[in-house]
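Asks: The sequence and its predicted three-dimensional model are supplied below.
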Amino acid sequence: MRSLVLLSGGIDSTVVLADAVIRNEEVRAITFLYGQTHAREVQAAEQIAAHYGIKHQIVELGTIFGPSALTGTLDIPDSHADAPDATEVPGRNLVLLSTAAAIADGQGFNVVCFGANAADAAGYPDCRPHFVEGLRDVIMAGTKNHVTLHAPLLYRSKTEVVRIGRTLNAPLHLTWSCYRGGEEPCHRCGACISRDEAERLA
């Protein structure tokens with residue numbers, strides 16, 4: 001199989017990449033620029049792809065999404081999202097996954113992989129099983145090579161994701177989770193809180 005992995009630079013996508021490298025004959029990473037307020041996670045993605053020695057494509061989408069804390073139009077909350085909050089980027093995964101599927105189909109890749117997990121489901125509608133399963137059917141029907149959407153962490157908790165990453169020797173030390181840019185994580189935003197808790201419990 002030939003897999004195209006959405007690589008954000010965070011823990012989840014890095015664990016998915018580590019798994020894909022083991023299971024597939026060819027793996028390529030793809031990272032999207034969609035108007036994020038900082039490039040720290042993109043830098044992490046570049047380092048992670050280099051760690052595995054795989055090709056890494058960066059795709060510029062521009063600022064196409066609605067208001068979000070991640071694109072600088074809203075404030076980043078100091079809490080973990082138990083329901084959609086300011087960190088939701090409306091329709092992001094719909095656009096990114098559809099674009100990745102089109103690229104995969106054109107370049108002869110069979111699978112598009114991404115790191116949605118159970119911890120994301122509450123705060124982000126486009127990380128929920130119903131969304132993933134529905135889009136999987138649409139992508140398969142809409143691509144000539146019947147590209148498959150693969151979300152291996154969909155039913156895993158964040159703690160489980162960290163444990164899997166450690167088992168796979170994924171370079172978690174290279175990843176970036178914080179919603180705020182900078183030299184060090186803020187340990188206050190939802191992404192930091194989720195990561196800190198998972199690493200403590202894993």
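Replies: Nice, thanks for sending it over. All figures in this text were calculated on a predicted structure; none of them were measured in a lab.

Asks: ok, the nearest residue to residue 87 once chain neighbours are set aside to residue 34 distance?
Replies: Excluding the flanking residues, the one nearest residue 87 by CB to CB, 6 or more residues apart in numbering is residue 69, at 4.9 Å. For the C-beta atoms, the positions are set from N, CA and C on the backbone; glycine is no exception. Look at residue 69 and residue 34: by CB to CB, to the nearest Å, they are 14 Å apart.

Asks: cool, residue 73 as well?
Replies: Distance from residue 73 to residue 34, by CB to CB: 13 Å.

Asks: the more surrounded of those two?
Replies: Neighbours per residue (other CB atoms under 10 Å) separate residue 73 from residue 34, with residue 34 holding more: 19 against 14.

Asks: Is the more buried one in contact with residue 93, as I believe?
Replies: No. Between residue 34 and residue 93 there is no contact under CB atoms under 8 Å: 10.9 Å.

Asks: Nearest spatial neighbour of residue 96, chain-adjacent residues omitted?
Replies: residue 32 (5.3 Å).

Asks: which residues does that neighbour bridge with?
Replies: Beta-bridge pairing for residue 32 (DSSP bridges): residue 59.

Asks: For the protein, give me the ranges with low pLDDT.
Replies: The chain contains no residues with pLDDT under 70.

Asks: dump the residue contacts of the residue of it positioned farthest from its centre.
Replies: Within the chain, residue 144 marks the point farthest from the mean C-alpha position, 24.8 Å out by CA atoms, centre = their mean. Residue 144 makes contact with residue 105, according to CB atoms under 8 Å, 6 or more residues apart in numbering.

Asks: Next one: it from residue 110, what distance?
Replies: 12 Å.

Asks: Residue 55: neighbour count?
Replies: 12.

Asks: check contacts around it.
Replies: 28, 29, 49.

Asks: same deal with residue 152?
Replies: Counting by CB under 8 Å, 6+ apart, residue 152 makes contact with 16, 19, 113.

Asks: so the first one touches residue 153, yeah?
Replies: Same thing as residue 16. Yes. At 6.5 Å, residue 16 counts as touching residue 153 under the criterion of CB under 8 Å.

Asks: Common neighbours of these two, please.
Replies: Shared contacts of residue 16 and residue 153, counting by CB under 8 Å, 6+ apart, come down to residue 115.

Asks: Name the residue in the two with the higher neighbour count.
Replies: Ranked by neighbour count (other CB under 10 Å), residue 16 and residue 153 place residue 16 first, with 28 against 25.

Asks: Appreciated, that's everything.
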